[in-house]
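Engineer: following is a predicted model, sequence given first.
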Amino acid sequence: MSKCEQCIIRQFNALRALQKDDLIRLSGCKTTHTIKKGEIIFEEGDNVNGVYCIKDGVCKLSKLSANGKDQIVKLVVRGDLLGQRSLISDEAANLSAVAINDMQVCFIPKHEIIHDLTHNINFSVDMLKDMAEELKLADKVIVDMAQKSVKQRLAETLLYLQTNFGEDDNGFLNIVLTRDDYANIVGTATESAIRILSQFKKEGLISTEGKQIKIENSKALKLIE
């Protein structure tokens, strides 16, 4: 089991504000978990009772709508913390978290995080900054949904994945999403997402191999309205 004070991942989140003694204390109480692709980390309505630190892998945070369709609101990646909003508000999770690929996570119990929030002002401020950034991203999603076409949102999603996850040796996006996932990110029916992706392929903007997607013309994708 890796030690928190030696873990490079903490530099990407609010845990960087903790002192060595605090990190040693966390190492003694945290648990490390391997989560397989498709496994549920927690569901909407669950009491999370702690925070997950993502050491490796990606999960999707989604909200179930009244008509039974998932809306993916965020992809949580290596270095992110997961569950802090429910912990601070002392409420059940209002989103579900599901692994997109195999993950390694560390779970830190609620009482340990609350201890650090009440005793370390730098940690509290960094946690608030992270949550403020999440709210800013949520505002952008709302504006995009209202003002941009599905075609433009899907193009921007592909470019986002290229920028944030990179490409493999063959030029395909390093993260593999289902067509349902693409639809749930941009807020449309799966059939519409498939149709638009097929149009992008026909126009030479992307190429595909199974579920894998390769961006062939990023400049043209940026110009889509």
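Structural biologist: Yep, it's here.

Engineer: against residue 127, how distant is the spatially closest residue to residue 22 that is not a sequence neighbour?
Structural biologist: Ranked by CB to CB, 6 or more residues apart in numbering and with sequence neighbours excluded, the top spatial neighbour of residue 22 is residue 116, at 6.0 Å. Any C-beta I mention is one placed from the backbone N, CA and C, and that applies to glycine too. Here the criterion is CB to CB, to the nearest Å. By it, residue 116 lies 9 Å from residue 127.

Engineer: same check on residue 13?
Structural biologist: From residue 13 over to residue 127 the distance is 9 Å, taken as CB to CB.

Engineer: neighbour-wise, which of those two wins?
Structural biologist: residue 127 (24 against 19; other CB atoms under 10 Å).

Engineer: elements contacting the helix or strand where that one lies?
Structural biologist: Using DSSP states H and E, the secondary-structure element containing residue 127 is helix 121-147. Contact analysis of helix 121-147 by 3 or more CB pairs under 8 Å, 6 or more residues apart in numbering; DSSP states H and E lists strand 70-76, helix 84-89, helix 110-119, helix 150-165 as its packing neighbours.

Engineer: rerun at 10 Å
Structural biologist: strand 70-76, strand 81-82, helix 84-89, helix 110-119, helix 150-165, helix 179-186 (3 or more CB pairs under 10 Å, 6 or more residues apart in numbering; DSSP states H and E).

Engineer: compare the mean pLDDT across these and name the weakest.
Structural biologist: For the helices and strands packed on helix 121-147, mean pLDDT drops lowest on helix 84-89, to a mean of 86.

Engineer: picking that back up, from the chain's centre, how far out does the helix holding residue 127 sit?
Structural biologist: Per CA atoms, centre = their mean, to the nearest Å, the displacement of helix 121-147 from the mean C-alpha position of its chain is 13 Å.

Engineer: tell me which residues in that helix are buried?
Structural biologist: Of the residues in helix 121-147, 123, 124, 126, 127, 131, 134, 141, 144 count as buried by neighbour count, 16 or more other CB atoms under 10 Å.

Engineer: save those as TSV, and put in distance to residue 177 and pLDDT too.
Structural biologist: Rendered in TSV, the data for those read as follows (distance: CB to CB, whole Å; pLDDT from 0 to 100):
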residue	distance to residue 177	pLDDT
123	33	89
124	35	91
126	30	90
127	29	89
131	26	88
134	21	86
141	17	83
144	18	84
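
Engineer: including distance to residue 45, could those residues go into a markdown table?
Structural biologist: Converted to a markdown table, the buried residues of helix 121-147 look like this (distance: CB to CB, whole Å):
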| residue | distance to residue 45 |
| --- | --- |
| 123 | 28 |
| 124 | 27 |
| 126 | 28 |
| 127 | 23 |
| 131 | 21 |
| 134 | 20 |
| 141 | 22 |
| 144 | 27 |
